[in-house]
Each structure stands twice: as structure tokens, then as C-alpha cells.
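Q: Sequence plus the predicted model coming up.
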Amino acid sequence: MIHTIAAHELRRLMLSPLAWVILALIQFLAALQFLNSVEEFMLNQPRLINYDNPPGVSDWVVAPVFADVAFMLLMVVPIITMHSLSAEQRDKTMSLLWSAPVSMTEIVLGKYVGTLYFLLIMVSMVCVMPISLVFGTSLDMGKLFAGACGLFLMLAAFAAAGLFVSSMTNSPAVAAVASFFLLFALWLMFWINSGGQELAEVLAYISLLNHFVPLLQGSINTANVTYFILFAVTFLVFTIRRLDIRRLQG
Amino acid sequence: MTTLLKATGLNRFYGSYQAVRDVSISLHQGDIMGLLGPNGAGKTTTMDMLSGNLAPSSGNIEIKEADLLDEPKRAKQSIGYLPEQPPVYRDLSVDEYLRYCARLHGIRRAQVAMAVERACERTGLANMGRRLIGNLSKGFQQRVGIAQAIIHEPDVIILDEPTVGLDPLQIHEIRELIRDLGTRHGVILSTHILPEVQTVCNRILILFEGRIAYDDANNKQQVKPEILTRFGRSAETDGLGRLDGVIEVQSLENNAYRVIHDAGSNPADEIARLAVEQDWGLLELTPVTPGLEQVFLGLTRGEDTHSGKPLVNESEEDAI
């Protein structure tokens, strides 16, 4: 049942021009960054030879591209998720799901997985560019894989938070703006320094970016992966609860 | 007669406002129940609760003996619901949409195409499969909504104002469809249109201010048939009152009388004979069966009485 809802979600997303525009623009901007990074690497290559353990093409090219894409999607994912629940509530199509024999968990997971399918398409498209370097140089596939995982986990976290905000309001625009601010705050939390050392440490720990960077550098460690999974699960549980309450309150 | 749906003591609050008060409904196979009521009477709230879209503040709902709150999945397998606004996706084609609905209701992949075809046929959407729902007229969107509600052959079909926005021909077709559905399923439909209820439904429920004000399953006796009669000369009400089955005789203007009698008897013949015997000069003798409209108006105009008791007797005031 989750798959049915997810497939439907992806199909509806792909029917809208929005999804195609987003895919195209992200690809275009990622390509600019990619070309820029490749050029920088070419310029700096002669100097790098002097170092003991010089950063390779994976570090020069892959990490910046993924980091850029993640930052752009901070703004874009809320636009995708705003449709999944807000618009359904606005258009009164939720009652189709509510009177069907599916549980609230299946509804929320279906919507979430549908969004993940779309994000997976986007990540694969972005990955094609660095992979194309294989033809000209040796690429650290491990790092590339770690980076792609990190990017996908990051987007999955965005999507869960976006879905939660989307369940709070019937207005898609409000949902998009609110999710963007929520994600932006979580992304930048490590910047906050006031309020003492301890608070700063806690905030830095919660910050999305701090868990993303190690993955880009090629280290998949359990703590970071678990962080993203927990982040997503927490927001999904919130969403399920939120919809349950909506049905109770009407 | 199998009970398909049984709701007992439903209450629903929105904040401190109580939209539905102590509503109990039971629906059997073959029932086509018309839910009537003025705007804001709680029809939609009641239907939302029966279809699992809204949790009742108290009370419980059983659908084919599965509790809607405890076993929602089993209960919802037997529900088809068309809300006031059909829950259609405008950017999908009719076939795509109905395929999705079929899958959502657990129809096996192999049988989906057949189910879609059957639902389209029954709702007159046969050649519309490839059209985008957003480009269809309101009437056709309504049909898609009905198709969605019947695609999985549910036992209980709940339709909130199914004929709104349709042209007279379509209304006729949809009524035929509902009648047809009623032979195999239980149907609940809400509407403001009284003739619709009279032509389609075999059970009538009137909601007023959140309460059931009239249920023809219990209230049959409360609305008595009557005979309006007029004579050339004045008659004695006592004589009329002594006739078999007569409950009450009211004297109206111009030597007209209203004779209220039991549903089981018909004193028309006796009245005529008495009139001849007594030489009253019979001018008019008209049997009046209490119409739904009278009942409805009587119930909903008696707004000053908040006792919650059926106000059926007042309906006779309107029958003059």
C-alpha cells in the first residue's frame, strides 16, 4: 500500500512542470559548479604535486558539487513537499485516503517514499557528472559513494521536515516558507555562539551541516548516518501524530 | 436483513459548538437512506464520521460488525465515500485516477482494469477514460467521484449530495444508478432536494440542529393521514368523530373539516355515507397523505422548541 501511494505521489509530481523545471535548474547550477571545480583542479594540479598527501579530484570536485546541491535543495525540497499534504488538504482530496483502508502511517510513509523516489532521481542525475570524470582520471569511488549517500540522507532529512510542516497547514505557500526557515535554522545552528560554550556545543551537534560534512569527506560513520535517520523518523512520527489530531479535531 | 452499518450515540463537538448530538443510525442491505436537513444541520459532519474521515467525540460506529475506530482497515474496506467536493486529482486522467483508487482499496493488480471499466460503465464514463479530470465538466467530475466510491463494490456507499451540479438528464441517470446500487448495497445519501429523496430513497432521516428529528423507521405512526372534506351546510364534528378509525376532527372555515385518521383505516366511504344521511351536501372529499415537505417544514420551522422531541404534529399546521 505504501508503494501504491508512493508511486502515485511520484507520478503526480512528474506530471507537474515544476518537477521538471527543478530537475533542469538544479542540474544546470550543479554543472556550473562542476565545471568551475574541474577548472580549479586543473589550475592547482601542478602545485599539489609538492604535497605529501594531496587532495585528489574527488575532494576538489565531488565534495563542492554535492555541498552546493544540498544547499540549493534546502530551498527546493520545501517546494516539493508543500504539495504532498497541504495541497491535498486544500483541495479536499485527503478524504480519498482517509476513507480508504489504509492507516495513517501508510499514508505518511507513502507520501514520504514518493518524495524520496524523486530525490533519488535528482541525486543520480547529479552523480552522473562526477562519474563522467572516470574517462579522464582515476576517481575515488568510495568517496563519491559516501558523498552521494550523505547528499541523499541530507535530502531525506529535508523531506521529512518538509512533510511535517506541510501537514500543519492547508496553504502550500505557507508550508514552503515555513519549512524553508525550519531547515535553514537547523542547517545554520552551529553558528550560534551566544549563550555559553555548552549551549553552542549542543546546537552545533544538532546542526544538519555538522553531520553532512564528514560524509562529504568520505567517512560514513554510524553516528552521522543514525543522526539523519533519527531526524527523518522523528519528523515522520510528528507528521503521523499531527494528521491523527487533525482527524480528531476536524 | 443484514445490518451493514450501525452507529450509536454519535456526538461531535467543534470546540464548544456541538454539531451532532446523540445520532444513532442503522443501515441494512437494500436500504437507500436519505439524510435530509437544512444547511448546518450536521449532515456532512455525520457522513464524515460514518466514513472515517472525522473521529466522533463520543459514540461508536460498526460497519459489518467491524468497529471503525478499533479496526479501521477492516471496516473501511466496506465503505465507499463521495464527499461534498469529489476528491479527484485534476491533473490525472479518469483511468489513471480510478486505477489508483482501485489499488488504494486493495483490488488486486490483475483485476484493476476490470474494476475501472465496470465503474466507468455504471457511471456513464465509458468513453472518458483518457480525458483529464481537470478538463471535465462539473457533472462529469461528480460522476468520477461516484465511480471512485463504488469501484471496490463496498457494502456501504455514502454519498454527500451526489446530484449537485448535474443537469436534469444526468440527475435522472444518477438516481437510476443509486436505485440500482441500493439493491445490492446499503446507500446513505444526503441532499436538500426533497423530491429526490421521495423518488430514490426507501428510508428517510431528517437531521435538525444536530439531532435526528425524524426517522421514518420509528416515526411512521406519528404522521397521520387525513381527509379534507367540505360540505354545503355545516356538519356536526361529533358525528364525524364517531366514525371508525377517526382520531380527531378539526373544523375549518367555510364548512370545511379536517378528519385525521389511523393509517390503517380509510373513513372516506363512511364520511360520504354520513353526509348523505345527514343531508350536509358533500362538496369535497380529498385524502391527504402527509408529504415529506410538510414533515420537513414542520420539523425545521419549529425552531423555538428546543426539547429535541419530534415536532411532527406541528406539520399539520402547514398542510392547510
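A: Noted; the coordinates are in hand. Predicted, not measured: the structure shown is a model, and the values here were computed from it.
Q: Could you pick out the longest helix of the chain?
A: Picked chain A for this. The residue-count maximum for a helix in chain A (DSSP state H) belongs to helix A:17-48.
Q: right idea, wrong chain: chain B
A: Max-length helix for chain B by DSSP H is helix B:168-184.
Q: Contacts for it next, please.
A: By Cβ atoms under 8 Å, 6 or more residues apart in numbering or on different chains, the list of residues contacting helix B:168-184 from outside reads B:29-32, B:122-124, B:139, B:142-143, B:146, B:150, B:157, B:159, B:162-163, B:166, B:187, B:189, B:196, B:199-200, B:202. Using the backbone N, CA and C atoms, a C-beta is placed for each residue, glycine as well.
Q: Mind checking which of those land in helices?
A: Short answer: these in helices (DSSP H) are B:122, B:139, B:142, B:143, B:146, B:150, B:196, B:199, B:200.
Q: Show me the residue at the heart of the chain, geometrically.
A: With no chain named, the answer covers chain A. residue A:155 (1.1 Å; Cα atoms, centre = their mean).
Q: You answered for a different chain; I wanted chain B.
A: Central residue of chain B (Cα atoms, centre = their mean): residue B:34, at 1.0 Å.
Q: What residues are bridge-paired with that one?
A: Under the criterion DSSP bridges, residue B:34 forms beta bridges with residue B:189, residue B:204.
Q: so it makes contact with residue B:199?
A: No: here residue B:34 does not reach residue B:199: they are 9.9 Å apart, not a contact under Cβ atoms under 8 Å.
Q: Pull up the per-residue confidence for the closest residue to residue A:137 other than its chain neighbours.
A: Once flanking residues are discounted, residue A:137 sits nearest to residue A:57: 5.4 Å by Cβ to Cβ, 6 or more residues apart in numbering or on different chains. pLDDT for residue A:57: 76.
Q: How many residues are close by residue A:57?
A: Counted by other Cβ atoms under 10 Å in any protein chain shown, the residues lying close to residue A:57 total 20.
Q: residue contacts, it?
A: Residues near residue A:57 by Cβ under 8 Å, 6+ apart: A:41, A:133, A:137, A:139, A:140.
Q: for chain B, what are the nearby residues on chain A?
A: Within chain A, the residues that sit near chain B (Cβ under 8 Å from any Cβ of the partner chain) are A:1, A:4-5, A:8, A:11-12, A:15-16, A:91-103, A:247-250.
Q: PyMOL command to pick out the buried ones of the residues you listed?
A: What follows is the PyMOL syntax selecting those of those that are buried according to 16 or more other Cβ atoms under 10 Å in any protein chain shown:
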select buried, chain A and resi 1+4+5+8+11+12+15+91+93+94+95+96+97+98+99+100+101+102+250
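Q: Among the residues of chain A next to chain B, which are located in helices?
A: A:4-5, A:8, A:11-12, A:15, A:94-98, A:247-249.
Q: export those to a markdown table and tack on distance to residue B:101 and pLDDT?
A: Formatted as a markdown table, those follow (distance: Cβ to Cβ, whole Å; pLDDT from 0 to 100):
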| residue | distance to residue B:101 | pLDDT |
| --- | --- | --- |
| A:4 | 10 | 92 |
| A:5 | 12 | 93 |
| A:8 | 10 | 93 |
| A:11 | 14 | 92 |
| A:12 | 14 | 90 |
| A:15 | 17 | 89 |
| A:94 | 14 | 88 |
| A:95 | 12 | 89 |
| A:96 | 7 | 91 |
| A:97 | 10 | 91 |
| A:98 | 13 | 89 |
| A:247 | 20 | 82 |
| A:248 | 25 | 81 |
| A:249 | 26 | 76 |
